[in-house]
Structure formats: structure tokens, C-alpha cells
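Chemist: fold the following for me, if possible:
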Amino acid sequence: MYKYGDIVLVSFPFTDLKDKKLRPCIVWDTLSSDILLIPITSNISNKHTHITMSPHSQNWLKVISYIKVFHLFTIHVSLVQWKLWVLDTDTLQLLRTTLCNKYCK
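Modeler: Numbers count the residues shown, from 1 in each chain. Model prediction:
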């Protein structure tokens, strides 16, 4: 199944639920038949804290992309389309530190 740090492709709904698009997401935790995800996007907004990811031979990114750190969400595991790659250790540690700085007080 999927585990912490996996990058998966999911059908991600927009907040108005009128449309959706395929988006890569980081698996943060597995909760029985659900998984907790953090989305990755190429469109950045000043409203969200983000971590920048650059495309390279180790990932499937085509453009500079951003981890939307504080936009965690849960979906049923059946909604995952497929696993793309595993997030590198340094970025995973930065993500963990960023989340802990916000929530582990």
C-alpha cells in the first residue's frame, strides 16, 4: 500500500466541489482505509505556506512546484490513481519541521 513520503496522483476537488483535477500529493499518514495527503501544485498563492520543489531526474515534475504545507486533507485510498515516486529525505525532513513548528507547540 502507500506509506509516509510516497508521492501519489489523486483526483483533487476544487473547494467549490464543481470540478477536480489530477494532482500529485505527499502521503503524510495512513488511517485504515483513508490516507492523509499534502498537495503539490505549480500555482502558488500568497495565502499558503509552501516548500519549493524543482524538477529533476528523480521526480516527475515538469516545472517548479510547491508543497502546500498547511492544506492537509484525507481521502479514501481507492481514490489514488497511482504512486509516482518517493519524496527525498531532505524535503521530507523540511516538511516535517515546518509542520511541527506550526502545530507542535
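Chemist: the helix or strand hosting residue 101 packs against which elements?
Modeler: Residue 101 is part of helix 89-103 when elements are defined by DSSP states H and E. Judged by 3 or more CB pairs under 8 Å, 6 or more residues apart in numbering; DSSP states H and E, the packing partners of helix 89-103 are strand 50-53. Where you see a C-beta, it was placed from the backbone N, CA and C, and this is true even at glycine.
Chemist: give me the contact list for the helix or strand that the strand it packs on is followed by.
Modeler: Proceeding N to C from strand 50-53, the next assigned helix or strand is strand 65-68, under DSSP H and E. With CB atoms under 8 Å, 6 or more residues apart in numbering as the test, strand 65-68 has contacts from 24, 26, 38-42, 44, 48, 50-53, 55, 91, 95.
Chemist: from these, keep the buried residues only.
Modeler: 24, 26, 38-41, 50-51, 53, 91, 95 (16 or more other CB atoms under 10 Å).
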